[in-house]
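J.: return atomic coordinates for the entry below.
(one chain, ligands or ions: 1)
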Amino acid sequence: MLEVNISFSYGSRRILHDVEFSAQKNSLLAIIGPNGAGKSTLLKCMVGILKPEGYVNFNNINLIELKPKERAKFITYVPQTSVPEFAFTIEEFVEMGTYATRGDIKEALRKVGMWERRKEFVTNLSGGEYQLVLIARALAQGSEVILLDEPTSHLDINHALLVMNLLKDIKEEKIVIAVMHDLNLALQYSDEIILLNKGKVEWKGNTKDLKPEVLERVYSVKAKILKVENKPIVLVEI
Ligand SMILES: Nc1ncnc2c1ncn2[C@@H]1O[C@H](COP(=O)(O)OP(=O)(O)OP(=O)(O)O)[C@@H](O)[C@H]1O
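T.: The predicted structure follows:
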């Protein structure tokens, strides 16, 4: 069980106001919200890149208070996909910066379907393939909590589904929290949602309980949530 309460300011500007929630295994948690709501800042605070006020308690250990090396055993962060700068092989890249064993690396690359391609250079991968390698690197670290910042941005629908199905798989073993912009993917794959707006939790709860009025208020659009083949679809009036 992960219990979070975070406030954070950049200088005198308050970005996150008492953002409080909990997360657990077997429940994919999506963090949604408009641009600038504070979603990425929240993940960076949780993983210790930024120093917030509050706590990130995992089994009653406040991860914020741990040294980075110690914290990395519990929580990992997959940043928004950037372009790889250095020509490491996939295998070297996954090994870098982790405390992973050979076995962990093999298992992680197998999980994302990249083991056979481990000798290829990361610089030659497509955006979607690189995203899978970033996830493998986080998996190889073996931490109990995995945070992902927009794991499907820049991906075509096929790769996006590949990544989301992978997260669905991973949530059985780890606490998975993903910042997501695509409301349809968030609604279809997440079990719980936190809707951030202007640094505050505007709404949180079971994904199936999210009402279009909440989306309308926060995103300033006219929205409907329809059921197609029993799956929720957000329809926005244009
Ligand atoms: N290094 C920084 N210094 C000062 N302000 C920052 C810095 N980084 C982000 N901010 C501000 O913090 C606020 C929250 O940014 P954040 O990136 O967390 O939002 P977000 O919800 O992830 O947005 P998006 O969906 O656009 O990625 C924004 O107003 C942004 O301008």
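
J.: where does Thr98 land on pLDDT?
T.: Listed pLDDT for Thr98 reads 68.

J.: make residue 1 into 21 and carry on from there
T.: Renumbered: residue one is now 21, and that last one reads Thr118.

J.: near the ligand at all, stretch 25-33?
T.: Yes: for stretch 25-33, a contact with the ligand is found by Cβ under 6 Å from any ligand atom, at Tyr30. Backbone N, C-alpha and C define where each C-beta goes, glycine included.

J.: what's next to that stretch, contact-wise?
T.: Stretch 25-33 is touched from outside by 34-40, 58, 61-62, 65-66, 70, 72-76, with contacts defined as Cβ atoms under 8 Å, 6 or more residues apart in numbering.

J.: surely Leu175 is in contact with Ser146?
T.: No: using Cβ atoms under 8 Å, Leu175 makes no contact with Ser146, being 9.2 Å away.

J.: those two: who's more crowded?
T.: Between Leu175 and Ser146, counting by other Cβ atoms under 10 Å, Leu175 is the more crowded of the two (23 against 12).

J.: helices of this protein, residue ranges please.
T.: Along the chain, counting by DSSP state H, helices occupy 59-67, 88-91, 110-115, 122-131, 147-160, 177-190, 203-209, 232-239.

J.: nearest to the ligand, out of those?
T.: helix 59-67 (3.3 Å; Cβ to the nearest ligand atom).

J.: contacting residues around the residue nearest to Gln100 when sequence neighbours are not counted?
T.: Using Cβ to Cβ, 6 or more residues apart in numbering and skipping the chain neighbours, the partner closest in space to Gln100 is Asp169 (4.7 Å). Shown in contact with Asp169 (Cβ under 8 Å, 6+ apart): Lys59, Ser60, Leu63, Tyr97, Val98, Pro99, Gln100, Ala198, Val199.

J.: from these, keep the buried residues only.
T.: Lys59, Ser60, Leu63, Tyr97, Val98, Pro99, Ala198, Val199 (16 or more other Cβ atoms under 10 Å).

J.: the fourth one and the ligand: what is the separation?
T.: Remark: distance between Tyr97 and the ligand (Cβ to the nearest ligand atom, to the nearest Å) = 13 Å.

J.: where does the chain come near the ligand, residue by residue?
T.: Residues of the chain lying near the ligand (Cβ under 6 Å from any ligand atom): Tyr30, Ile35, Gly53, Asn55, Gly56, Ala57, Gly58, Lys59, Ser60, Thr61.

J.: output the longest strand belonging to the chain as PDB, restricted to C-alpha atoms.
T.: Selection of the longest strand in the chain by residue count, based on DSSP state E, yields strand 33-43. The C-alpha trace of strand 33-43 is given here as PDB (Å, rounded to 0.1, in the frame of the first residue of the first chain):
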ATOM      1  CA  ARG A  33       4.700  29.600  -6.300                       C
ATOM      2  CA  ARG A  34       2.600  26.800  -4.900                       C
ATOM      3  CA  ILE A  35       2.300  24.000  -7.500                       C
ATOM      4  CA  LEU A  36       0.800  21.100  -5.500                       C
ATOM      5  CA  HIS A  37      -1.600  21.700  -2.600                       C
ATOM      6  CA  ASP A  38      -2.000  18.700  -0.200                       C
ATOM      7  CA  VAL A  39      -2.300  16.200  -3.000                       C
ATOM      8  CA  GLU A  40      -3.500  13.100  -1.000                       C
ATOM      9  CA  PHE A  41      -4.200   9.600  -2.300                       C
ATOM     10  CA  SER A  42      -3.400   6.000  -1.900                       C
ATOM     11  CA  ALA A  43      -2.500   3.200  -4.400                       C
END
